[in-house]
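Engineer: Fold the following for me, if possible:
(one chain, ligands or ions: 1)
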Amino acid sequence: MSHLEVRTVPPTFGKAEPVLELRGITFAYDRIPVLEDVSLTLHRGELLGLVGPNGSGKSTLVRIALGLLRPDAGSVAWFGLPLEKFRAWSRVGYVSQKAASFNLGFPASVEEVVTMGLTGKLGLFRLPGRREREKVREALETVGMADFADRPIGRLSGGQQQRVFIARALVSDPEVLILDEPTVGVDVRSEAEFYALLEKLNRERKLSILLVSHDLGAVSERMHTVVVLNRRVFFAGSTADFRARWESVLREAYGELMVPVAHRALGS
Ligand SMILES: Nc1ncnc2c1ncn2[C@@H]1O[C@H](COP(=O)(O)OP(=O)(O)OP(=O)(O)O)[C@@H](O)[C@H]1O
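Structural biologist: Presented below is the predicted three-dimensional model:
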């Protein structure tokens, strides 16, 4: 992927409004420490890649950001409001790691699955009206899945399912999207399309995106900023800065073994 243009951080990020701010997050499952003094800021309009080896605490950090787990220390703020006071969750779209391995026997149609993304706005038992159905269609069009609206979700490929789950997260018009390893089990072509979709959403809908990923190559080329996590933060900055010193960062964060692998992934 080395032929792709390397993006740098738009200089406005430093001044852009923070969408999500994690400060000094420390967390342990029982007594096993998983995160130590982790800070991370996602600004408006930023494409941020959160990378780290297996078990480095990425999903845990996301779950803390979403208020699904309570940190032992540190704070979370959304749009400048402390998590405890933040209620406007329709501003935040989330696609979990498990979305790509959806139960193939699940009978709901693509349209129904995306409509579920409106539950917060609709209430559980109200049927969607014309306006809501338009929103669902619009979200499916954005991800290129409008032709599949009537198809049972279980009869789609992993990459197609992933797009449907992104549509479900988009249907409430969020300002930020959190994606936890959504390209697991997806082929290279779908992966390239996936990054193109993220760029489109960022450009056209001004979405801020936090992407959890293992793919150092794609993240360092397609995102604006990168955070390298392994219990603590080993790097946070622009992808251009990361590419200038990735070898020492990865040696520290992942260990020596990762360096030759990363050489291939980063195409250098
Ligand atoms: N519910 C849990 N109870 C106890 N330990 C857990 C739990 N969930 C995760 N862990 C442990 O916490 C650590 C961090 O896990 P986490 O899922 O946050 O890592 P990750 O970086 O997202 O990993 P991966 O890249 O493999 O998805 C791991 O050692 C994991 O085994």
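Engineer: doesn't residue 152 make contact with residue 108?
Structural biologist: Yes. Counting by CB atoms under 8 Å, residue 108 touches residue 152, with 7.1 Å between them. For every residue, glycine as well, the C-beta is placed using N, CA and C.
Engineer: next one: phi and psi at residue 244?
Structural biologist: The phi/psi pair for residue 244 (degrees, to the nearest 10) reads phi -70, psi -30.
Engineer: Could you check how many residues crowd around it?
Structural biologist: Counted with other CB atoms under 10 Å, residues neighbouring residue 244 total 11.
Engineer: check contacts around it.
Structural biologist: For residue 244, the contact set (CB atoms under 8 Å, 6 or more residues apart in numbering) is empty.
Engineer: Phi first, then psi, for residue 171.
Structural biologist: phi -70, psi -20.
Engineer: Any figure for the gap between residue 135 and the ligand?
Structural biologist: Going from residue 135 to the ligand by CB to the nearest ligand atom, to the nearest Å gives 31 Å.
Engineer: Now that residue: which helix or strand?
Structural biologist: Following DSSP states H and E, one finds residue 135 within helix 130-142.
Engineer: who's in contact with that helix?
Structural biologist: 110-111, 114-115, 117-118, 121-122, 128, 146, 148-149, 164, 167-168, 170-171, 173, 200-201.
Engineer: for stretch 107-118, same thing?
Structural biologist: Counting by CB under 8 Å, 6+ apart, 93, 122, 128, 132-133, 135-136, 139-140, 145, 148-154, 156, 164-165, 167-172 sit against stretch 107-118.
Engineer: Can you pull the residues of this protein lying near the ligand?
Structural biologist: By CB under 6 Å from any ligand atom, the residues of the chain that approach the ligand are 29, 34, 52, 54-60.
Engineer: Emit the ChimeraX select command for whichever of the residues you listed are buried.
Structural biologist: To isolate the buried ones among those in ChimeraX, judged by 16 or more other CB atoms under 10 Å, type:
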select :34,52,56,57,58,59,60
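Engineer: The residues of the chain next to the ligand in strands, which ones?
Structural biologist: 29, 34 (DSSP state E).
Engineer: buried set for the helix holding residue 135?
Structural biologist: Neighbour-count burial for helix 130-142 [16+ other CB under 10 Å]: 132-133, 135-137, 139-140, 142.
Engineer: for the stretch 51-200 of the chain, which spans come out with low pLDDT?
Structural biologist: Applying pLDDT under 70 to the stretch 51-200 of the chain flags residues 98-106, 120-128, 183-188.
Engineer: can we see that at 90?
Structural biologist: 54, 90, 95-108, 116-133, 142-144, 153-163, 172, 180-197 (pLDDT under 90).
Engineer: All the strands of it, in order from the start?
Structural biologist: Per DSSP state E, counting those that start in this stretch, the stretch 51-200 of the chain carries strands over the ranges 73-78, 81-82, 92-95, 176-180.
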